[in-house]
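Asker: what's the 3D shape of this:
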Amino acid sequence: MSNFNQIITNIQKELNNSTVVVAVSTGIDSMVLLDLLLKLNNVKIIVAHVNHHKRTQSDEEQTFIEKFCCERKIKCYVKELFFESSANFQETARIKRYEFFEEVLKKETAKYLLTAHHATDNLETILIRLIKSTSHKGYAGIEKLQKKGDYIIYRPLLDVSKKDICEYQKEQNIEYFNDESNDQDDYLRNRIRHNIIPEMEKENPSLYKAIEIYQEHILETNKLLFKE
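Answerer: Numbering: from 1, shown residues only. Sure, this is the predicted structure:
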């Protein structure tokens, strides 16, 4: 819990008196992030939820987050997406989500978009980019603070592993929904998550600290290359 107390302090310092849009899927990661934000007293929270209509429980998740926000007097925006084809679903859905988030940010004149990406997500992204190739900066993975147009994407949980998030959820008894598609090996990210990362964690108990240092080195060298 002490680690999360520091995260709360960091979030409060970064978002002081700001209006923020937080992307909430109702999965464990975003519900933990929302719980942390609710512990702040100087941030106006706007929830943005996307219903992809890809699973039978999607409507149940939408109803849940709408009720959750209503009970806490949080403004909640919902976008319903429908896909005729599953071809390249992940990339198309990501583009549509961010178009929606940007609409909400503009409407609420919010400076920050918060997402619940964590350290394990970051490692997965780095491995995917190593497998598929990317730019030099791309090999650094996901940035905690990323300027995008008129707003900033802020990922407060980027230094926290999935294991720590799960422990916090149990301690705080946070209600969430489990996306069963994450348990399947249909996508490269899932195969890396299930088959590769557990072995890496066995090899190095300080794996995520090592990844954090690796990321810092890549970003620093990228700055030097950019200057040159």
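
Asker: The helix ranked longest in the chain - what's its average pLDDT?
Answerer: Secondary structure of the chain per DSSP state H: the longest helix is helix 207-227. The pLDDT scores in helix 207-227 average 92.

Asker: Please apply the same query to stretch 195-203.
Answerer: Mean predicted confidence for stretch 195-203 is 96.

Asker: likewise stretch 126-144?
Answerer: Mean predicted confidence for stretch 126-144 is 94.

Asker: repeat for stretch 98-114
Answerer: Averaging pLDDT along stretch 98-114 yields 97.

Asker: Report the secondary structure state of the closest residue to residue 37 other than its chain neighbours.
Answerer: Spatially, and ignoring its direct neighbours in sequence, residue 37 is nearest to residue 45 (5.4 Å; CB to CB, 6 or more residues apart in numbering). (C-beta placed from N, C-alpha, C; glycine too.) The three-state assignment at residue 45 reads strand, by DSSP: H, G, I helix; E, B strand; the rest coil.

Asker: who's residue 45 bridged to?
Answerer: Beta-bridge partners of residue 45, counted by DSSP bridges, are residue 20.

Asker: And stretch 22-42, what's buried?
Answerer: Counting neighbours by 16 or more other CB atoms under 10 Å, one finds that the buried residues in stretch 22-42 are 22-26, 28-37, 40.

Asker: pull the CA atoms of it into CSV?
Answerer: Only the C-alpha atoms of stretch 22-42 are listed here, as CSV (Å, rounded to 0.1, in the frame of the first residue of the first chain):
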residue,chain,number,x,y,z
VAL,A,22,-10.0,9.0,-17.2
ALA,A,23,-10.5,6.1,-19.6
VAL,A,24,-12.4,3.4,-17.7
SER,A,25,-13.0,0.0,-19.2
THR,A,26,-14.3,-1.5,-15.8
GLY,A,27,-11.3,-3.9,-15.9
ILE,A,28,-9.1,-4.3,-12.8
ASP,A,29,-6.5,-1.7,-14.0
SER,A,30,-8.8,1.1,-14.8
MET,A,31,-11.0,0.5,-11.7
VAL,A,32,-7.9,0.7,-9.5
LEU,A,33,-6.8,3.9,-11.2
LEU,A,34,-10.3,5.4,-10.6
ASP,A,35,-10.2,4.3,-7.0
LEU,A,36,-6.9,6.2,-6.5
LEU,A,37,-8.3,9.3,-8.2
LEU,A,38,-11.3,9.3,-5.9
LYS,A,39,-8.9,9.6,-3.0
LEU,A,40,-7.8,13.0,-4.2
ASN,A,41,-9.5,16.3,-3.3
ASN,A,42,-8.2,18.6,-5.9
